[in-house]
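# Predicted model and sequence follow; I will ask about them next.
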Amino acid sequence: MQQPSSDTELFARCVSSNIVAVLFVIIAWALIMGWPGTAQAAATFQPNAPVNGFVQPDRRVGRMINLNQAVRIVREESGGKVLSAKSVRSPNGSLRHHVRVLVDGQRVTTLVVDQQGRLQRTR
């Protein structure tokens, strides 16, 4: 390898090597991140992502629902105004959610939702 003969040659080599390094970084970034359209498509791919953070109650067997989810189930099923709600654990260990509801603006009833999200009975 030859030594540069002047300061301008040294400067030109440094600039050209910096340009090559910058181009390499840009190309590597583009390969890692993908082209501009693919990054947006990957971000919007989540088919069931909730907009407001609310996740619908999971009514599949084996899944336990919480009190808020039980209240939503009762509100959907009865169409009434929820007055109060509490969770009760039975002696056998199962969890039931008791939700008091004002139905038709006249009568108050208590609906029971089990831990799988099934509306069991009216008390």
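Structure received.
# ok, now how distant is Val25 from Phe11?
21 Å (C-beta to C-beta, to the nearest Å). Heads up, the C-betas are built off the backbone N, CA and C, glycines and all.
# and Leu67, what does it touch?
By C-beta atoms under 8 Å, 6 or more residues apart in numbering, the contact set of Leu67 is 85-87, 97.
# if I look at it, how far off is Val108?
Separation of Leu67 from Val108 (C-beta to C-beta): 19 Å.
# for Met64, same thing?
27 Å.
# show me where the protein has strands.
Using DSSP state E, the strands of the chain run over residues 81-89, 95-103, 107-114, 119-122.
# For Ile32, which of these is the nearest?
Evaluated over these, closeness to Ile32 peaks at strand 95-103, with 46.8 Å, by C-beta to C-beta.
# ok, that closest one: who's next to it in the sheet?
Neighbouring strands of strand 95-103 in its sheet, by DSSP bridges, are strand 81-89 (antiparallel), strand 107-114 (antiparallel).
# So for the shortest one, mean pLDDT?
For strand 107-114, the per-residue pLDDT values average out at 91.
# what comes into contact with that strand?
The contact list for strand 107-114 (C-beta under 8 Å, 6+ apart) reads 65, 70, 73-74, 77-78, 80, 83, 94-103, 119-123.
# got the buried residues for that strand?
110-114 (16 or more other C-beta atoms under 10 Å).
# Good, we can wrap up now.
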